[in-house]
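J.: test case, fold it:
(one chain, ligands or ions: 1)
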Amino acid sequence: MPPVPPDVNRQRVRFGTGIRREISAEVAGLGKNHALVITTPGKSRLAREFAEYLGSKTAGTCSRAIMHTPVSVTGEALEYARSVNADCLVAAGGGSAIGLAKAVALHTGLPQIAVPTTYAGSEATANLGQTENGVKTTLKDSRILPRTILYDSELVATLPGPMSATSGMNAMAHAVEGLYARDRSPETTELALRGLRAFAEGLPAVLETPRDLAARENTQRGAWACGAVLGRVGMALHHKLCHALGGAFDMPHAQTHAVILPHAAAYNEAEPEVAGLLAPVAGLFGAKTAGGALHDFARALGAPLSLREIGLGEDDLPRAADVASRNPYWNPRPVTRDGILALLEDAWEGRQPRN
Ligand code: NAD
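T.: Numbers count the residues shown, from 1 in each chain. Model (predicted):
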């Protein structure tokens with residue numbers, strides 16, 4: 001049976017300081033009473049905290065989620081979920097924890113509650129990227145859309161400054177590509193602009209005062225809007241490049257997005273129609289081009305500007321260009337291997353984007 005198209009509006013979305021403490025009632029609201037809590041290893045304390053809130057509704061905790069959702073880890077989590085008879089999943093963390101919960105849900109149909117601690121936005125989509133043998137593939141299936149999202153500003157307030165900056169730029173990338181997506185609508189454009197505005201204002205504020213919970217909530221609202229765009233429209237060159245780099249070279253997700261975004265925006269902005277669609281992004285920062293504005297914004301936030309500084313070898317660039325141009329995909333500007341290689345060389349050096 002082909003999957004039903006996802007409908008982001010089906011989600012229950014709540015914002016609030018300390019709202020994670022209501023997790024037991026949220027599980028009960030789904031008609032469930034045996035939750036498996038999923039986190040990354042670094043968040044195992046948070047998993048235990050959730051187990052305390054859930055009390056007798058805890059089926060177990062699994063703190064094995066890692067970046068890019070390797071299928072081997074999914075296999076282990078799946079076995080554990082079955083062994084403890086979990087009837088729902090609580091993913092507390094960034095895209096890695098939420099990705100593992102989606103992967104388990106794909107095989108079991110278990111409903112999920114997502115409690116995001118980064119801005120990656122996976123909680124608002126029915127997309128899942130999985131890695132096997134160094135290749136990252138993505139799928140979309142309405143059955144893996146989390147049923148509930150709890151945005152607790154206290155949880156994102158612990159996100160260190162550099163991660164706040166890169167994770168925020170990861171979210172902004174969904175919105176930027178949403179603005180020129182082939183299947184965009186006035187609604188997704190409005191969501192994208194709302195999300196971009198929230199980060200343009202909110203990121204400098206949370207970097208200045210990381211514990212400013214009102215500013216954090218503003219960025220979380222931005223994360224939801226940008227994630228909802230990602231869930232509703234198709235992405236293009238930027239996401240393709242980041243997936244290629246993540247899958248083939250295990251590059252860190254958010255940092256890679258932060259480095260690539262200005263270059264991908266500039267590449268597409270060379271197409272006059274895209275320049276028009278991205279003009280509001282340039283305008284948001286009082287700049288002439290979106291690519292230049294995003295590069296300057298990243299610099300001001302202290303985000304990494306080059307692939308070199310986040311660990312990609314110069315010798316890897318030709319293979320990265322091969323992987324990223326392997327399967328044809330839609331992009332508003334035609335994609336060539338040479339064009340991609342030139343973009344990657346600029347991004348590797350951390351040059352000002354070409355526009
Ligand atoms: P992540 O979940 O891997 O987290 C990165 C690190 O930060 C981890 O070690 C984690 O424990 C730690 N961390 C998370 N929140 C923290 C906090 N508040 N304070 C301190 N440390 C914290 O990183 P991510 O960028 O959120 O997610 C990346 C993954 O999500 C990738 O695999 C990516 O493909 C996927 N993703 C999927 C979608 C989708 O729609 N399917 C969207 C975005 C990202």
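
J.: residues near the residue of the stretch 1-150 of the chain found nearest the ligand, how many?
T.: Going by C-beta to the nearest ligand atom, the ligand is nearest to residue 95 of the stretch 1-150 of the chain, at 1.9 Å. Just so you know, the C-beta spots here come from the backbone N, C-alpha and C atoms, and that holds for glycine as well. Residue 95 has 30 neighbours, counted by other C-beta atoms under 10 Å.

J.: got the residues of the stretch 101-250 of the chain near the ligand?
T.: For the stretch 101-250 of the chain, the contact set with the ligand under C-beta under 6 Å from any ligand atom comprises 117-118, 120-122, 125, 127-129, 155-156, 158-159, 167, 170, 230.

J.: what about 5 Å?
T.: When proximity is defined as C-beta under 5 Å from any ligand atom, the stretch 101-250 of the chain approaches the ligand at 117, 118, 120, 122, 125, 127, 129, 158, 159.

J.: just the buried members of those?
T.: 117, 118, 120, 122, 125, 127, 129, 159 (16 or more other C-beta atoms under 10 Å).

J.: turn those residues into CSV, including secondary structure and pLDDT.
T.: Shown next, in CSV, are those (DSSP: H, G, I helix; E, B strand; the rest coil; pLDDT from 0 to 100):
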residue, secondary structure, pLDDT
117, coil, 98
118, coil, 98
120, coil, 97
122, helix, 97
125, coil, 97
127, strand, 96
129, strand, 92
159, coil, 96
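
J.: which two of those have the greatest separation?
T.: Every pair in those was compared (C-beta to C-beta); the two farthest apart turn out to be 127 and 159, at 22.0 Å.

J.: how about residue 32, nearest residue that isn't a chain neighbour?
T.: Leaving aside its chain neighbours, residue 32 sits nearest to residue 88 (4.0 Å; criterion: C-beta to C-beta, 6 or more residues apart in numbering).

J.: so the one you found sits against residue 35, correct?
T.: Yes - when contacts are counted by C-beta atoms under 8 Å, residue 88 is listed as touching residue 35 (5.0 Å).

J.: who touches both of those two?
T.: Residues touching both residue 88 and residue 35 (C-beta atoms under 8 Å, 6 or more residues apart in numbering): 27, 113.
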